[in-house]
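Peer 1: Next one to model:
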Amino acid sequence: MAQFGAQLGNPKIDNLLEGGIHIEENFFPLNMYDEMVEEMGTTKMDSTYQPLGINYGNRMQAMPCYENAPFQFKQDFIANKIEKILNAKLANYRCLFRKIKTKELKKSHCNGKYGFIHRDKDNQGLENIKDLAAIMHFDQSFYGGTAFFRNIWEKVPDIYVSAFPNRLVIYDACRWHAPAFDYSFEERTSLAFFLKVINES
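Peer 2: Residues are numbered from 1 along each chain as shown. Okay, the predicted model is just below:
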């Protein structure tokens, strides 16, 4: 029986729903990756914080960040490649570009190795549509990356994936996880993907 969600009959997705992580190295062709990084450098960002939707006295009471959503670079290429990786069709795809400045993070209540432990979804929605998520980092750092937990009370991650450029990490959106910070960098940039996957098994 799946630990994190019901099985679809698709082995790749079943593994994710049972708590597995899929790592796809060199997701973008090199020229496309360079083009994306260049576009990210000129993208307008909105000042915000996480978790969004909760009122705080100021951004430093939460995790201060900057976002561009939706980030629309090469949407068709990304969606098509994810479909090939998962061997499944996407009902919906959304990408968010996020930047966290270390000097702000140090002033915040999220000043530590890991940011707040959270899930991107609280449930799996419709029976034939499952919520997955993915993250891509742009720094090479063992200390930066994404930590995955079995539950919200854990202090040590069950799985830890370090940051590496052009590496896509796909996981169940119901999986507890948290950003990991490397304070030797001036900022942390990432792309977050939110995916609704159709069960066609």
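Peer 1: which residues sit in contact with the most centrally placed residue in the chain?
Peer 2: Centroid check for the chain by CA atoms, centre = their mean gives Ile135 as the closest residue, at 3.1 Å. By CB atoms under 8 Å, 6 or more residues apart in numbering, the residues touching Ile135 are Thr146, Leu168, Val169, Ser190, Leu191, Ala192, Phe193. Where C-beta positions appear, they are placed from N, C-alpha and C, glycine not excepted.
Peer 1: nearest to Gly112, of the residues you listed?
Peer 2: Thr146 (15.0 Å; CB to CB).
Peer 1: How about the secondary structure of that closest one?
Peer 2: Here Thr146 is strand, with the state taken from DSSP: H, G, I helix; E, B strand; the rest coil.
Peer 1: and it, how many neighbours does it have?
Peer 2: 22 (other CB atoms under 10 Å).
Peer 1: what comes into contact with whichever strand or helix holds Thr48?
Peer 2: Thr48 belongs to strand 46-50 when elements are defined using DSSP states H and E. By CB under 8 Å, 6+ apart, the residues outside strand 46-50 that reach it are Tyr56, Arg59, Ala62, Met63, Pro64, Cys65, Tyr66, Glu67, Asn68, Gly115, Phe116.
Peer 1: Settle this for me: Ser162 is touching Tyr143, isn't it.
Peer 2: Yes. With contact defined as CB atoms under 8 Å, Ser162 counts as touching Tyr143 (7.5 Å).
Peer 1: next helix or strand past the strand holding Thr48?
Peer 2: Taking DSSP H and E, what comes next after strand 46-50 is strand 63-68.
Peer 1: any chance you could map the strands in this protein?
Peer 2: Applying DSSP state E to the chain gives strands spanning 22-24, 46-50, 63-68, 89-101, 129-137, 141-149, 159-163, 168-172, 176-180, 187-198.
Peer 1: Arrange the ones you listed in JSON lines, one row each, with mean pLDDT as further columns.
Peer 2: As requested, these are arranged in JSON lines below (pLDDT from 0 to 100):
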{"stretch": "strand 22-24", "mean pLDDT": "98"}
{"stretch": "strand 46-50", "mean pLDDT": "95"}
{"stretch": "strand 63-68", "mean pLDDT": "96"}
{"stretch": "strand 89-101", "mean pLDDT": "95"}
{"stretch": "strand 129-137", "mean pLDDT": "95"}
{"stretch": "strand 141-149", "mean pLDDT": "96"}
{"stretch": "strand 159-163", "mean pLDDT": "96"}
{"stretch": "strand 168-172", "mean pLDDT": "97"}
{"stretch": "strand 176-180", "mean pLDDT": "96"}
{"stretch": "strand 187-198", "mean pLDDT": "95"}
